[in-house]
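Asker: got a sequence here, can you model it:
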Amino acid sequence: MGGRVFDTEDSKNVKHSRLGVWELYEEKHPELSRIPGASRAESYLEIGQSLPFVWRMIKDIGNIDNCWLLLSLYLFVIVLSSLIPAVALWYTAHHAFLLHEADFVLVRYSGQLLKIVSHLGIY
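Answerer: Have a look, this model is predicted:
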C-alpha cells in the first residue's frame, strides 16, 4: 500500500463484500482500471506473491507420515475416474460402428453369406 493507511470506510478505494459471516475488504486500484488487462496482471502478481506460502504448506503437509503415498494414490484414483467417461464414450462409438458394419454386410451380402454358411454345414 506504499505507506498509506487502509481505511475500510473509504468506498472510493476499498471494495466491501460480505461472505457469509465474514466481511471482505479489497483495495481498488483506480489508476489500473483504465489499462486493459491490468486486473488479470494484478491477480497473477498476487498469485506469485503467495507461492512461497503455498510451497511451505506443501512441504509441511509432505512431512506427515505416508502423506506422499496417500496423495499419489488419491491423484491416481482421480485421474482414473476422469478417464472413465472417455473410455465409455469410445466403447459406445466403437460398438455402434461394429453394429453398422455388421448391418451393412448382412444387407449387402446376405445371399453370399447364406451360401457360405450352407456349404460349411452351419446352417
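
Asker: report the buried residues of the least confident helix or strand in the chain by mean pLDDT.
Answerer: The weakest-scoring helix or strand in the chain, judged by mean pLDDT, DSSP states H and E, is helix 110-120 (a mean of 75). Buried positions in helix 110-120, judged by neighbour count with 16 or more other C-beta atoms under 10 Å: none. For the C-beta atoms, the positions are set from N, CA and C on the backbone; glycine is no exception.

Asker: for the residue positioned nearest the centre of the chain, give me phi and psi.
Answerer: Nearest to the mean C-alpha position of the chain, counting by C-alpha atoms, centre = their mean, stands Ser82 at 9.2 Å. Per-residue torsions, Ser82: phi -80, psi -20 (degrees, to the nearest 10).

Asker: separation between it and His119?
Answerer: Ser82 sits 51 Å away from His119, going by C-beta to C-beta, to the nearest Å.

Asker: good, wrapping up.
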